[in-house]
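1. quick one: sequence and predicted model below, then my questions.
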Amino acid sequence: MVREISDSDMWFHLAVGKQILATGSLPTFDQLSLLNYGQPVSAHLWLFQTVLAAGYPLGAGWWLQGVQVVLLSLTLFIVYRTTRRWTSPNLAWLMLLAVVIASAERFTVRPELVSFIMIALYYYRLQQGKYHSPVEIIFFFILQEIWTNSHGIFVIGPFLAGCYLAEALLKGVMGKGYKDARSLGILTAVLTAACIVTPNGWENISYAWRLFAESNPLAPQISNSTHEMAAALGEVSRTMLPFWFYFFLIVAFLVSLVATALHCRRQLPVARTMIGFALLAASMTGMKNMPLFAIVAAPLITENLSTLGNIRLHRICAAAIAAAMAIAAIVWSPRPALNYLANWAPYRFGLGLSTDYVPVGLPPFLDQIGFYGPIYNSMDQGGFYAYHNYPKRIPFYDSRLQDYKPEEIIAASEAVSRAARNPEGWHTLLRRYDFRGVLLCNTPDNREAAGLLPHLAKNAGWRLIYLDQAASFWIRVDQGNLPPPVGRTSMESLVANLNNFAQAENINFFLEKTGYYPDLRLKLLEQANRKWQNAIFLADLGLIKLKAGNTAEAEQLFLRLLRKNPESRLTLATLAQIALFKGNRAAAEKYLEKALHYYPDDAELLQNLELVQNYRKSAR
């Protein structure tokens, strides 16, 4: 998929790589964040980070996209070659398409691209038996060194070889000879050694363990709060198109495996089956890990099917897979996935850097006004700020969760997210770090911005001096040479030049939380509803109409929302409220009962329903 570069996490990788290139050494103490300043750190991903940072000054977004395209193209080429060995070109292409769509959300400029290509390459070479000669062993060693210094799940490498070693030893125990055991034993030992023979030594192993712990369902609160750590089979994942192809690959893998085991058990690929189950388990720890299984699933499914050699069995397997998909379509409506395909995919299509995720004009603006000093920032903006401003300016923190103490991140995030209701936690942070500026995301799901924007907008001690589709920057007014504030004219220009629904969501969120120019927000929502029919826009516009007393218009908007999402609590509760305004208590009761059908333990809904029912009884 051709898409704009829109991953905010890549920026801290660029910042670390830039620091390594500038100093000529790996950092041992954190100099890229206020929260963690001076604390010990290790650059475990230094190779990928350095390569990324070395080319960025020359090609910027084109360089990032080039890295992405090259690594993904090689990965998919290898997957196709591995799959093609067992089936026809047509089926191989279809399986590759399933892999691409199932993995599409993770095809971003991150170190995990290295893991994807390595898993595909290891699987291919092990399947081909290319691990006997010294040259082949050395080649694996070089690959493992690259992997170990580029991404934290490098331990999968020795594990893949270990699965083949286990199969070879099992064959030996069964009296079939230890033909491959010696070569595989050497390979596994070499790959294990390559995990340690690096600048970070044994520390690599503890780092890999920390990443595993973060992927665990019992992981710290701050790790599991991120979108990418949502369960692979969970509610969030099921609203996205990649889930359906990921689920298809799981069903096809299990069906083909059972069919092979029943029909020709002797031909079951033991090592590759072990790999399939292990990576399936790993993929279920979070949405970001879904490609780990998808990459090996396609060749393994076609290999299993190739052993059947019977048209009837092929048809039975195909029918079983189709039945599983039909059941899934009934249980989990594909409507959200189709909506994702219609709206989200076209929005992200394009080349270069996306301006919806990072404030690309902020660094030159800060240079122009001569701003220096400590800032508080939304976590997603930390890497971008560090890369463009270090060492003159450094952010409060960024997305390097493994380098921070979880309790400190949680405490800071909670203090800021509650600033609108209880600003004391924010004031404590402000006194401790003496923030001179604040950089906040405009994205609707940003808790820090939701908590701090209302507080800053009402506080005369802060001034909004920069605003774009991605972020806002605020400055304390007790400083000299203050730039002029962002005024209505600038905001009108932003609203008039919105190019997609995400930009509209961002500016709508900013105007809502700050309370600036309600008439401008109303204009934005009316324009956005005509263009994109987004559920958020419909709900927000309906609430504004209701607050203004336009009950009839509000009711029509929420009825449209109800058709889009019959289970929406906000929609059902608001329609009940509108029905009460109109004196139709029977309709209000109906809407509340329907809401309680979906949310039976909601105390507020129960209380409201009881009040309506009691009133109707007393009125009889």
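-> Now that the structure is in, tell me what you want to look at.
2. what helix or strand does L97 sit in?
-> helix 89-103 (DSSP states H and E).
3. can you pull the buried residues of that helix?
-> Buried residues in helix 89-103, defined by neighbour count with 16 or more other CB atoms under 10 Å: L91, A92, M95, L96, A98, V99, V100, I101, A102, S103. (Each C-beta comes from the backbone N, C-alpha and C, glycine too.)
4. okay, and I475 sits in which element?
-> Using DSSP H and E, I475 falls within strand 471-476.
5. same thing with S42?
-> S42 belongs to no helix or strand, assigned by DSSP H and E.
6. tally of neighbours for it?
-> For S42, the count of nearby residues is 18 (other CB atoms under 10 Å).
7. now W11
-> Applying other CB under 10 Å, we find 24 residues neighbouring W11.
8. against R393, how distant is it?
-> As defined by CB to CB, to the nearest Å, W11 lies at a distance of 14 Å from R393.
9. likewise for L592?
-> 52 Å.
10. for those two, indicate the residue with more neighbours.
-> Neighbour comparison, L592 and R393: the larger count goes to L592, with 27 against 19 (by other CB under 10 Å).
11. just to check, the more buried one is in contact with A576?
-> Yes - with contact defined as CB atoms under 8 Å, L592 reaches A576; the gap is 4.9 Å.
12. is C441 bridged to anything, and to what?
-> Beta bridges link C441 to A471, judged by DSSP bridges.
13. V296: neighbour count?
-> As a burial measure, V296 scores 28 neighbours (other CB under 10 Å).
14. quick check, it in contact with G276.
-> Yes - assessed by CB under 8 Å, V296 is found in contact with G276 at 5.8 Å.
15. okay, domains of the chain per the record?
-> Here the domain assignment for the chain is 109-215, 226-349, 534-620, based on automatic domain parsing.
16. out of those domains, which gets the lowest mean score?
-> Mean pLDDT across the domains of the chain is lowest at domain 226-349; the value there is a mean of 75.
17. may I see the buried residues of stretch 396-415?
-> Buried-residue list, stretch 396-415, by 16+ other CB under 10 Å: 396-404, 409, 412-413, 415.
18. and what of stretch 353-362?
-> Residues of stretch 353-362 classed as buried: L353, S354, T355, D356, Y357, V358, P359, V360, L362 (neighbour count, 16+ other CB under 10 Å).
19. just the pLDDT for R418.
-> What the model reports as pLDDT for R418 is 92.
20. and it, how many neighbours does it have?
-> Neighbours of R418 using other CB under 10 Å come to 17.
21. then R560?
-> Using other CB under 10 Å, R560 is surrounded by 15 other residues.
22. that one contacts L538, correct?
-> Yes - at 6.1 Å, R560 counts as touching L538 under the criterion of CB under 8 Å.
23. quick check: neighbours shared by those two?
-> Shared contacts of R560 and L538 (CB atoms under 8 Å, 6 or more residues apart in numbering): none.
24. still on that earlier bit, out of the buried residues of stretch 396-415, which sit inside helices?
-> I409, A412, S413, A415 (DSSP state H).
25. circling back: joint contacts of L592 and A576?
-> Counting by CB under 8 Å, 6+ apart, the residues touching both L592 and A576 are N608, V612.
26. show me the contacts for Y207.
-> So Y207 contacts S42, H44, G152, N200, Q402 (CB under 8 Å, 6+ apart).
27. state the pair within those residues that is farthest apart.
-> Maximum pairwise distance among these (CB to CB): 13.0 Å, between N200 and Q402.
28. re earlier: which strands or helices does the helix holding L97 pack on?
-> helix 61-84, helix 241-263, helix 290-306 (3 or more CB pairs under 8 Å, 6 or more residues apart in numbering; DSSP states H and E).
29. and L34, which of these is closest to it?
-> helix 61-84 (26.8 Å).
30. list the buried residues for that closest one?
-> Under the neighbour-count criterion of 16+ other CB under 10 Å, helix 61-84 has 61, 63-65, 67-68, 71-72, 75-76, 78-80, 82-84 buried.
31. same question, stretch 443-451
-> T443, P444, N446, R447, E448, A449, A450, G451.
32. reformat the domains of the chain into TSV and put distance to F510 next to each item.
-> Formatted as TSV, the domains of the chain follow (distance: least, CB to CB, whole Å):
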stretch	distance to F510
domain 109-215	27
domain 226-349	19
domain 534-620	13
